[in-house]
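>>> Prediction below, plus the sequence it came from.
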Amino acid sequence: MKRAEALINLSREHHHSLRLAKRCLDTLDRGDPEQIEALCREVADDFDRTWERHFANEEATLFSITGQMEGRIRELGVQLVEEHDRMRELARRMKAGDCSVLREFGELLRDHTRLEERELFPLVEKRFTPAQMERIARET
């Protein structure tokens, strides 16, 4: 799918989030407790550096703008920020050693990323001004 230049960096990061989501679900399906625990630690340890940074970028750029808009794009922004908050909570729980949330994290990350790519980004490309798109490109 061709993506507006301003969204390419975020889209590339989405590719990595889909790969991580698949790893979470595949690891759980294999059922090896050591692999599950290792991946849970990896997700928790990597969360702030990778995913928190990504979420914060989206919130500071995309969602600060969608919050001022009307309709579906605004609704998506609210939902997606709530999902960021839920993934933050799941990461905190994993950091505390609770690997029972790995499946929820993997499924939410997968579904969240798909929603951004399939529904939010096309709306952003249609509704954001050139200045808003430039800001995204500059700040992400």
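Yep, it's here.

>>> Tell me the gap between the helix or strand harbouring residue 88 and the middle of its chain.
Using DSSP states H and E, residue 88 falls within helix 72-95. Computed by C-alpha atoms, centre = their mean, to the nearest Å, the separation of helix 72-95 from the middle of its chain amounts to 8 Å.

>>> All the helices of the chain, residue numbers only.
With DSSP state H as the criterion, the chain has helices at 8-30, 33-46, 53-60, 62-66, 72-95, 102-115, 121-127, 130-139.

>>> So which residue is smack in the middle of this protein?
For the chain, the residue nearest the mean C-alpha position is residue 113 (5.3 Å; C-alpha atoms, centre = their mean).

>>> from memory that residue sits against residue 16, does it?
No - counting by C-beta atoms under 8 Å, residue 113 does not reach residue 16; the two are 9.4 Å apart. Backbone N, C-alpha and C define where each C-beta goes, glycine included.

>>> List the buried residues for stretch 105-124?
105-106, 108-110, 112-113, 116-117, 120-121, 123-124 (16 or more other C-beta atoms under 10 Å).

>>> I figured residue 52 was touching residue 85, is that so?
No - counting by C-beta under 8 Å, residue 52 stays clear of residue 85, with 11.2 Å between them.

>>> Looking at those two, which is more packed in?
Of the pair residue 52 and residue 85, residue 52 is the one with more neighbours under other C-beta atoms under 10 Å, namely 15 against 12.

>>> Check the gap between that one and residue 44 for me.
Counting by C-beta to C-beta, to the nearest Å, the separation of residue 52 from residue 44 is 11 Å.

>>> Now the common contact residues for those two.
Each of residue 91 lies in contact with both residue 52 and residue 44 under the rule C-beta atoms under 8 Å, 6 or more residues apart in numbering.

>>> how close does the residue nearest to the centre of the chain sit to residue 68?
For residue 113, the distance to residue 68 equals 24 Å [C-beta to C-beta].

>>> Then residue 88?
Residue 88 sits 24 Å away from residue 68, taking C-beta to C-beta as the criterion.
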